[in-house]
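Chemist: pasted the sequence and its predicted model underneath.
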Amino acid sequence: MLKGKVALVTGSTSGIGLGIARRLAAEGLEGEATIARARRLLGELSEEEKVATLNAHPRIGDKAARMSAHSRREQGDQEAPDLERLNAEYERRFGFRFVVFVNRRPRSQIAEVLRGRLRRSRQEEMQEGLKAIVDIAQDRLRS
């Protein structure tokens with residue numbers, strides 16, 4: 001049924017997302033080949049699909065109850081009060097969520113990244129956010 005297709009599952013570290021990711025892996029959709037294909041297919045998504053993909057990602061620095069255990073471990077519990085305001089500003093400006101591969105950086109560093117990215121174009125941000133989605137998936141596959 002899924003032969004020759006790519007599935008990018010966000011939220012795949014717990015709950016239904018984890019169940020879907022495991023099912024897809026059981027059907028042969030896993031590993032670096034899938035990541036490489038996902039990178040190639042990003043350009044084929046419609047604008048609506050791109051926005052939906054970005055908006056499916058949890059907000060950086062969100063309340064712990066809204067984050068997966070993996071995201072909480074990765075982002076830590078350091079307070080970064082600017083993140084809520086910066087996220088809202090970003091979403092107003094671009095029309096989708098800010099997505100970054102945290103890569104074990106503290107929230108204070110992510111707030112600085114967000115400030116810098118607010119100065120970019122919508123197209124640059126869409127490309128950067130989608131790239132980050134795949135980078136995150138690749139990191140999780142390696143974990």
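Modeler: Sure, I can see it. Here the structure is a predicted model, which is why all the values come from computation and not from measurement.

Chemist: name the residues of stretch 127-136 that come out as buried.
Modeler: Going by neighbour count (16 or more other CB atoms under 10 Å), the buried part of stretch 127-136 is G129, L130, A132, I133, V134, D135, I136. The C-beta positions use only the backbone N, C-alpha and C, and glycine is treated the same way.

Chemist: need the residues you listed in a markdown table with secondary structure and pLDDT, can you?
Modeler: Output for the buried residues of stretch 127-136, formatted as a markdown table (DSSP: H, G, I helix; E, B strand; the rest coil; pLDDT from 0 to 100):
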| residue | secondary structure | pLDDT |
| --- | --- | --- |
| G129 | helix | 95 |
| L130 | helix | 93 |
| A132 | helix | 93 |
| I133 | helix | 89 |
| V134 | helix | 87 |
| D135 | helix | 89 |
| I136 | helix | 86 |
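
Chemist: and the residues you listed as CSV, adding distance to R120?
Modeler: Compiled in CSV, the buried residues of stretch 127-136 are given as follows (distance: CB to CB, whole Å):
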residue, distance to R120
G129, 11
L130, 14
A132, 13
I133, 17
V134, 19
D135, 17
I136, 19
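
Chemist: nearest to L86, of those residues?
Modeler: Lowest distance from L86 to the buried residues of stretch 127-136 (CB to CB) belongs to G129, with 14.5 Å.

Chemist: understood, closing this out.
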